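Colleague: Need a 3D model of the sequence below.
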Amino acid sequence: MKLSTEINIGQYVSSSTGDFYSIGHNKVLREAASGGLINPLHFKVGEHGLVGITELARQRLELAKKMSGVPYDKWKAEKEAELTLRLHGFMTKMGFFEYGHRSMIGLGLRLKNADPVSTGLLVENLEDIIQQTDRDRRDLNSIRVKIRDKILNKTRHTAKDAKWFEKVMEELTPLLKRLFSRYGDERLSTGLRTALGLGDYEHAVSEAKEISDKYDKLIEEY
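Modeller: All right, here's what the predicted structure looks like:
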């Protein structure tokens with residue numbers, strides 16, 4: 001397949017040039033439609049005004065043609081099963097089936113048995129999780145960085161510092177409970193409970209970072 005913008009039609013200008021453009025554009029748009037190309041970035045206009053497709057779009061068209069022999073419903077079902085299994089594995093690894101934000105309960109129930117779930121429902125659940133945890137995730141990172149910097153910048157802490165740590169930990173605890181407590185009783189993990197109970201700020205910050213990283217991976221990968 002040759003990109004239409006690579007064709008030099010300058011030498012063919014004549015009374016029938018308009019018809020040539022009409023035929024050329026019609027062919028380009030038909031090919032694009034057959035491959036589902038709807039993004040404006042898939043198209044470009046050559047120096048002679050002929051509309052064509054980009055190199056990336058050409059590659060996608062060729063891939064679509066190779067897959068044309070696979071029934072769409074079968075392909076869709078295979079992809080949904082693949083995504084469901086991959087997301088199930090991720091949720092298990094991150095501990096999200098037992099701990100997490102309440103908005104994750106619905107996703108957990110859908111994925112519990114690893115039976116294929118429609119992509120639409122998965123996207124809907126993930127978008128809801130991202131939206132409902134957005135503020136708490138940002139606040140968690142802000143407080144985490146604040147505590148970390150305080151620890152790094154002072155080798156010896158005074159009674160005044162102890163009061164500051166106590167106040168900040170009071171702000172951190174409810175965020176941790178909302179983002180990564182056990183479903184049902186909102187109980188924190190043993191490690192976090194121990195760190196908070198002993199005033200082990202460094203351990204608490206480390207645990208908070210792990211929780212933040214879990215959500216970041218969920219958002220980045222899915």
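
Colleague: Surely Val117 is within a strand?
Modeller: No. Using DSSP: H, G, I helix; E, B strand; the rest coil, the secondary structure at Val117 is coil, not a strand.

Colleague: Wait, a helix at Ala33?
Modeller: Yes. Counting by three-state DSSP, Ala33 is found in a helix.

Colleague: Kindly provide the distance from Lys160 to Lys146.
Modeller: Separation of Lys160 from Lys146 (C-beta to C-beta, to the nearest Å) stands at 16 Å. In this view, the C-beta of every residue, glycine as well, is placed from N, C-alpha and C.

Colleague: who has more neighbours, the two?
Modeller: Lys146 (15 against 8; other C-beta atoms under 10 Å).

Colleague: so where is the chain shaky, pLDDT-wise?
Modeller: 1-21, 24-25, 34-38, 47-49, 64-72, 154-157 (pLDDT under 70).

Colleague: Could you list the domains of it?
Modeller: 4-66, 73-221 (automatic domain parsing).

Colleague: taking those together, which one is wrapped up most tightly?
Modeller: Compared across the domains of the chain, domain 73-221 shows the largest average neighbour count, a mean of 15 (mean count of other C-beta atoms under 10 Å).

Colleague: so what secondary structure elements neighbour the helix or strand hosting Leu83?
Modeller: When elements are defined using DSSP states H and E, Leu83 is found to belong to helix 72-94. Where contact means 3 or more C-beta pairs under 8 Å, 6 or more residues apart in numbering; DSSP states H and E, helix 72-94 is packed against helix 105-111, helix 119-153, helix 201-221.

Colleague: Is it possible to get TSV of these that adds distance to Arg86?
Modeller: Converted to TSV, these look like this (distance: least, C-beta to C-beta, whole Å):
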stretch	distance to Arg86
helix 105-111	10
helix 119-153	11
helix 201-221	9
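
Colleague: Show me the one of the ones you listed that comes nearest Glu31.
Modeller: Set against Glu31 and scored by C-beta to C-beta, the helices and strands packed on helix 72-94 come closest in helix 119-153, at 26.3 Å.

Colleague: elements contacting that closest one?
Modeller: Using 3+ C-beta pairs under 8 Å, 6+ apart, helix 119-153 sits against helix 72-94, helix 105-111, helix 159-180, helix 201-221.

Colleague: Would you convert these into TSV that also reports distance to Gly120?
Modeller: Shown next, in TSV, are those (distance: least, C-beta to C-beta, whole Å):
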stretch	distance to Gly120
helix 72-94	9
helix 105-111	12
helix 159-180	26
helix 201-221	18
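
Colleague: wait, which of the ones you listed is closest to Thr190?
Modeller: Set against Thr190 and scored by C-beta to C-beta, the helices and strands packed on helix 119-153 come closest in helix 201-221, at 10.6 Å.

Colleague: and stretch 115-134, how far out from the chain's middle?
Modeller: Computed by C-alpha atoms, centre = their mean, to the nearest Å, the chain-centroid distance of stretch 115-134 equals 10 Å.
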